[in-house]
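> Just to be clear, the model below is a prediction. Sequence and coordinates:
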Amino acid sequence: MSILKLVSSKAASEIDKELMGPQVGFTLQQLMELAGFSVAQAIQREYPLNQNRNKNGVFIIVGPGNNGGDGLVCARHLKLFGYNPIVYYPVRSKRTEFYSQLVNQLEFFQVPILSEEQQNKWTEYLEPGKIACIVDAIFGFSFKPPIREPFGTIVEELNKLEDKIPVVAVDIPTGWDVDNGPIENEPSYVPSVLVSLTVPKPCSQCINPKRTTHYVGGRFIPRHFAEKYGFEPYEYKGTDQILKF
Ligand SMILES: NC(=O)C1=CN([C@@H]2O[C@H](COP(=O)(O)OP(=O)(O)OC[C@H]3O[C@@H](n4cnc5c(N)ncnc54)[C@H](O)[C@@H]3O)[C@@H](O)[C@H]2O)[C@@H](O)CC1
Ligand SMILES: [K+]
């Protein structure tokens, strides 16, 4: 248990820039690896491997930005943990070559990525007995409403699936305003798990703890840096990459 501290979407983006700026010098690849690894760890904690291997499917929906990159990394770690991840990546990023390298790694790990033909019937892969959870790695703190297609339809489907298959939201539940939460007359859904990265964003205050389990992950900042941005660092236990609120 730890006290919830928040940063705005603007501050989250400033933190990101400073960590990857010339003085600190992290690369996006380093941070994304730790972010995706922490999401995989939260999934393992919430949905431990079933002895029946057919029940260990995880369906990962990947968006075009860095939130999507976290999803690609998470898929690889889940495979190493013994899950059967399936990746749905409808709009592939051309921002950097790094994303195609992550895709190559998934192919190397024999993680299936839906082909264009398979994408047309993506909901058919969501068999409640076989899929332990869905991962929403569509949009993170750079989402600006209104949501564009195909993602609006995807979020509407997640809404319909709420009581059937749990959804794990990476950093932000897609469709929610980063600072204000669900938006009236815009598609949204309620996640079963939210994994906030580095520090929760204000929309996390809109979750109902009875419906959504909240973790923080992305354990990569020292105390003085957290304090500079106005929050205490989280008291992660041992080698854990995640902390449950
Ligand atoms: N410091 C951290 O905490 C780190 C954060 N990372 C991840 O990076 C995320 C932020 O990544 P980005 O800044 O790339 O942004 P996002 O991944 O949130 O989204 C950017 C993409 O979404 C598209 N988009 C935005 N609004 C849209 C709309 N209304 N309809 C359709 N498309 C829309 C943009 O065109 C862009 O392609 C974080 O939320 C987190 O998941 C990690 O990868 C690295 C470390
Ligand atoms: K998300």
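Alright, I've got the coordinates. Here the structure is a predicted model, which is why all the values come from computation and not from measurement. Residues are numbered from 1 along each chain as shown. Ligands and ions are numbered 1, 2, ... in the order given.
> residue contacts, the residue in the chain positioned nearest to ligand 1?
Closest approach between the chain and ligand 1, counting by Cβ to the nearest ligand atom: Gly140, at 1.8 Å. Any C-beta I mention is one placed from the backbone N, CA and C, and that applies to glycine too. Each residue near Gly140 by Cβ atoms under 8 Å, 6 or more residues apart in numbering is listed here: Gly65, Asn66, Asn67, Asp70, Val170, Asp171, Ile172, Leu197.
> Check which helix or strand it maps to.
Assessed by DSSP states H and E, Gly140 sits outside every helix and strand.
> For ligand 2, tell me whether the longest helix belonging to the chain is touching it.
Using DSSP state H to define each element, the chain has its longest helix at helix 28-46. No: for helix 28-46, no contact with ligand 2 is found by Cβ under 5 Å from the ion; the gap never falls below 9.8 Å.
> now stretch 144-156
No: in terms of Cβ under 5 Å from the ion, no part of stretch 144-156 sits within range of ligand 2; the closest distance is 9.9 Å.
> to the chain's geometric centre, what's the distance from that stretch?
Computed by Cα atoms, centre = their mean, to the nearest Å, the separation of stretch 144-156 from the middle of its chain amounts to 16 Å.
> what do you get for stretch 79-88?
With Cα atoms, centre = their mean, you get 14 Å for stretch 79-88.
> hmm, who's touching it?
40, 43-44, 49, 53, 56-62, 71-72, 74-75, 78, 106, 109-114, 119, 122, 125, 132.
> One more: stretch 97-110?
Outside stretch 97-110, the residues that touch it by Cβ under 8 Å, 6+ apart are 28-29, 68-69, 72-73, 75-76, 79-80, 87, 89, 92-93, 113.
> Which of these are buried, as a PyMOL select command?
Applying 16 or more other Cβ atoms under 10 Å to the contacts of stretch 97-110, the buried members can be selected in PyMOL as follows:
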select buried, resi 28+68+69+72+73+75+76+79+87+89+93+113
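> returning to what we had before: buried stuff in the longest helix of the chain?
Those would be 28, 31-44, 46, for helix 28-46 by 16+ other Cβ under 10 Å.
> Just the mean pLDDT for it, thanks.
Averaged across helix 28-46, pLDDT comes to 97.
> Spell out which residues of the chain are next to ligand 2.
Selection of the chain residues close to ligand 2 by Cβ under 5 Å from the ion yields Asp136, Ala169, Val170, Ile172, Thr174.
> one step back: can you list which of the contacts of stretch 79-88 are found in helices?
Ala40, Ile43, Gln44, Gly71, Leu72, Cys74, Ala75, Leu78, Leu106, Gln119.
> Just the closest of those to ligand 2, please.
Checking the ones in helices among the contacts of stretch 79-88 against ligand 2 by Cβ to the ion gives Gly71 as the nearest, at 8.1 Å.
> neighbours around the closest one, how many?
28 (other Cβ atoms under 10 Å).
> before we move on, what about Asp70?
Neighbourhood size, Asp70 [other Cβ under 10 Å]: 32.
> So it is in contact with Leu31, correct?
No: using Cβ atoms under 8 Å, Asp70 is not in contact with Leu31; the gap is 9.2 Å.
> low-scoring pLDDT stretches of the chain, where are they?
The model of the chain has pLDDT under 70 over residues 1-4.
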